[in-house]
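A.B. asks: next one to model:
(2 chains)
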Amino acid sequence: MDKIGELGFSEEQGDLLEVAMNFCRDRSPIETVRGLLNDERGHDPSVWKEIGEMGWLGIAIPETYGGVGLSLAEAVPVAEAMGRYLLNTPFVSTTLAAQALLVGASEAHKQAWLPRLAAGEAATLALLEAESDWDLTAPACEAIPSDTTIRLTGIKRLVVDAAEASVIILSVSYERQAALVLLEAADLPDGAIRRETIVDETRRSYEIILDGIELPAERLLDLSLAPAALAHIHLSANLLAAADMSGANLALIDYTLDYLRTRTQFGKPIGAYQALKHPMVDAYVLYEQARSHVYSAAHCFDRQGEGEIATRMAKVAALDAYSEAGDRSIQFHGGFGFTYDCDAQLHRRRAIWHSAQTGDGAYHKRILGQLLLG
Amino acid sequence: MSAVDQKELAEFRADAEAWFAEHTVKDPGFRLPLTFMEVGTDQQFEFLRDWQNKVWEAGYLGAAWPKEYGGGGLDQAFQNAATQAMRKHDAPIMLNAIGLNWTGPMLLDIGSHEQKQAYLKGILSAEDIWCQGFSEPEHGSDLGNAQTRAVRDGDEYVITGSKIWTTQGNYAKYMILLARTDPDAPRKYDGLSFFLAPMRVPGVETVPIRKLTGEFGFTQTFFDGARIPADGLMGGEGNGWSIAMQLLEYERGVRGGQAGGYIITEQNAFDVVELARRMKRGDGLAIDDPVLKDKLVDFIIEIQSNALCRQRLAVPSLNQDKPFGIPLASKLMATEFARRINEFAVSLTGVDGSYYVGDPNAVDDGLWTRAYLNAFSATIGGGTSQIQRNIIAEHALGLPKG
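C.D. replies: Residues are numbered from 1 along each chain as shown, chains lettered A, B, ... in the order given. Down below sits the predicted model:
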């Protein structure tokens, strides 16, 4: 199969992996993560500022637009490190918004926005709606042309980090075609956004009512670029979701192993019982396999054909592995596993979030079936 | 080792590819075993013995073993190139697996000059077939509890007991034997010793074991006061367990020194895809059934997982968290995958899954059912998958022993 890629690892990825793991470990101990669950913003602004200052938001932005000039492959170890320590910031939202601009925006928009994102301003994407699935190409929200403006209609849901974003890139239908629109924070009238209650409590997500918003016509991005931009966003989001789950899964496995080593019943550590030991090994093996897929997907991401296959495989592998490890972790923690205080719930909920946000296994495997087997 | 001359290596590779292109026999007129554990008939045995001998004489086996012991005296890169050429041309397996992959590397590492001279060339030429005497009828997974006795008597040891699952036992001239020299040792492991034992001496009897497929390939080996030379003792009395563990490291590829070639034909998920394109389902083909297609995609993702994990081992910074995890898990991953994909392939054959090897109506001569049943040899042999999980749990994940 010539469409199946291999694994590769750049020096820059290696450096970023080490630096990001150290940073996230220092800034995001589990007590801090727990403390932020009830925080309105859901993240520490000083950490977010540091991330901007270190240039991580510009990793996949070309130098011409104020970025570092690497690729999304180098954002993967950073996303993995953030997952490992459940560190929430608008890093992924902003990185994905930058990707949307790079593929879908005019030169003027790129010049206006990319340097600001690279320097640390948050941005996000608004792609989902009522009755959405993971096919992003037919939004029900509309941009209706009127003279020199466009008028927006409909409601966007699950807009991550919307309250922090300087700019939100919306998907809409414009004259029956999928299109992208730039919405600035100042364009939002009072009451237009509502914080949603979501399964993964480490994140912040919002509903946005678009009805009544009117924007200058140049906020509509080039229609001819929209399909490619939407496809690129979908795959980029899956790549970073897989990386996040790879990192988080190692934390989850270590957390569970610690309990299996220390909790005793019937006079011995419960990890000595094969009924727990063997499924734990199976969950661990799935994790290692998934991580190998993640770094293969990062390496192949920019290649036509191979990149999409590797990315969807990585998402399926990482999601399956993380879901299984979280499910078993709850069970293996026994009564404690049923409580809010056990971290297993943080992980199991996180996996459900990623499945719901960017596609479950059945969805990606159906597409892989077409790509691989015709 | 000196630096490899890349030009020389390229020429060697080209020669090897040409040689295997010319000499590989695809269809000898009978079924060739897919693994060294499936050699069930004299016809298969003789063919593979000749084949291995031919490959060695051509210089494509043992290329990196020392010249004075029958090897090629070249860098390992040359043997790797030859092995790749074999794979490329789907060449038959190497027969003398226990000799080439386990005994040979061990002798090279810890054997005396005399032992190397006595045994290595015969291993490469396939003149001397080797078998392994570790498992016993009452002690399989609990190998450290092996009870076959070895009692010193002058220049000999007297062996009494029984070994089982002896692959190619009926053809073997020598056995690597784990036997108990001290039944009173406080730790059961300390009572074990390791021998290079001749098989063709009085008091050794091999009885073929019929496998679940109906075929042969293993024996049970009975020792009834068999006398073997004492100079076959490796590493002194009481050190058998550590040598046996060292052998398992050759088997798992954690240690190098293997003669080259392969002893198991690799499973390819795309062979099963191809099967799904031929098998009918309703008005269409199996591959168009969405449920079957979903399963095929799972298998493709999984075989890719295993390939990518092997590639990842070459990237040290991606193996820092649990460095022994992937090496220790590789056997479990590969063998369980082979079992499940062959099981799936059997189901793909539909109604014709009712047939078995030998019937003219069997799909691909019953290959899939046979491969599925034979796959258990790898999920059980060399440490069952359950033992593998214990090893991974205890040595990679730090979980306590049961």
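A.B. asks: only C-alpha atoms from now on, for both contacts and neighbour counts.
C.D. replies: Noted.
A.B. asks: close to chain B: what parts of the stretch 251-374 of chain A are there?
C.D. replies: With Cα under 8 Å from any Cα of the partner chain as the criterion, the stretch 251-374 of chain A meets chain B at residues A:257, A:260-261, A:269, A:271-274, A:277-278, A:280-282, A:285, A:288-290, A:292-293, A:296, A:313, A:317, A:362, A:365-366, A:368-369, A:372-373.
A.B. asks: out of these, which are buried?
C.D. replies: Among these, those classed as buried by neighbour count (16 or more other Cα atoms under 10 Å in any protein chain shown) are A:257, A:260-261, A:269, A:271-274, A:277-278, A:280-282, A:285, A:288-290, A:292-293, A:296, A:313, A:317, A:365, A:368-369, A:372-373.
A.B. asks: need the contact list for residue B:189.
C.D. replies: By Cα atoms under 8 Å, 6 or more residues apart in numbering or on different chains, residue B:189 lies in contact with B:144-145, B:238, B:240-241.
A.B. asks: same question for residue A:66.
C.D. replies: A:58, A:114-115, A:118-119.
A.B. asks: what segments of chain A are helices?
C.D. replies: Per DSSP state H, chain A carries helices over the ranges A:11-27, A:30-36, A:45-53, A:72-84, A:91-104, A:107-118, A:226-262, A:274-300, A:306-332, A:334-337, A:344-358, A:361-373.
A.B. asks: using a markdown table, lay out these together with mean pLDDT.
C.D. replies: As requested, the helices of chain A are exported to a markdown table (pLDDT from 0 to 100):
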| stretch | mean pLDDT |
| --- | --- |
| helix A:11-27 | 98 |
| helix A:30-36 | 98 |
| helix A:45-53 | 98 |
| helix A:72-84 | 98 |
| helix A:91-104 | 98 |
| helix A:107-118 | 97 |
| helix A:226-262 | 98 |
| helix A:274-300 | 98 |
| helix A:306-332 | 98 |
| helix A:334-337 | 96 |
| helix A:344-358 | 98 |
| helix A:361-373 | 96 |
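A.B. asks: distance to residue A:172 for these - can I get that in JSON lines?
C.D. replies: Shown next, in JSON lines, are the helices of chain A (distance: least, Cα to Cα, whole Å):
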{"stretch": "helix A:11-27", "distance to residue A:172": "35"}
{"stretch": "helix A:30-36", "distance to residue A:172": "33"}
{"stretch": "helix A:45-53", "distance to residue A:172": "30"}
{"stretch": "helix A:72-84", "distance to residue A:172": "25"}
{"stretch": "helix A:91-104", "distance to residue A:172": "14"}
{"stretch": "helix A:107-118", "distance to residue A:172": "18"}
{"stretch": "helix A:226-262", "distance to residue A:172": "10"}
{"stretch": "helix A:274-300", "distance to residue A:172": "29"}
{"stretch": "helix A:306-332", "distance to residue A:172": "24"}
{"stretch": "helix A:334-337", "distance to residue A:172": "42"}
{"stretch": "helix A:344-358", "distance to residue A:172": "18"}
{"stretch": "helix A:361-373", "distance to residue A:172": "23"}
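A.B. asks: so how do I select the buried members of the contacts of residue A:66 in PyMOL?
C.D. replies: Remark: buried members of the contacts of residue A:66, expressed as a PyMOL selection using 16+ other Cα under 10 Å:
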select buried, chain A and resi 58+114+115+118+119
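A.B. asks: do you know the pLDDT at the nearest residue to residue B:210 once chain neighbours are set aside?
C.D. replies: Excluding its sequence neighbours, the residue lying closest to residue B:210 (Cα to Cα, 6 or more residues apart in numbering or on different chains) is residue B:216, at 4.9 Å. Looking at residue B:216, its pLDDT reads 87.
A.B. asks: go on, residue A:126?
C.D. replies: 98.
A.B. asks: so what sits opposite it in the bridge?
C.D. replies: residue A:170 (DSSP bridges).
A.B. asks: was I right to think it contacts residue A:172?
C.D. replies: No - counting by Cα atoms under 8 Å, residue A:126 stays clear of residue A:172, with 9.4 Å between them.
A.B. asks: residues from chain B in reach of chain A?
C.D. replies: B:273, B:287, B:293-294, B:297-298, B:301, B:305-306, B:308-309, B:311-312, B:315, B:317, B:325-326, B:329, B:333, B:386, B:389-390, B:392-393, B:397-402.
A.B. asks: just checking, what packs against the helix or strand of chain B with the lowest mean pLDDT?
C.D. replies: Least confident helix or strand of chain B, by mean pLDDT, DSSP states H and E, is helix B:240-251 with a mean of 89. With contacts taken as 3 or more Cα pairs under 8 Å, 6 or more residues apart in numbering or on different chains; DSSP states H and E, helix B:240-251 sits against helix B:104-110, strand B:174-180, strand B:192-198.
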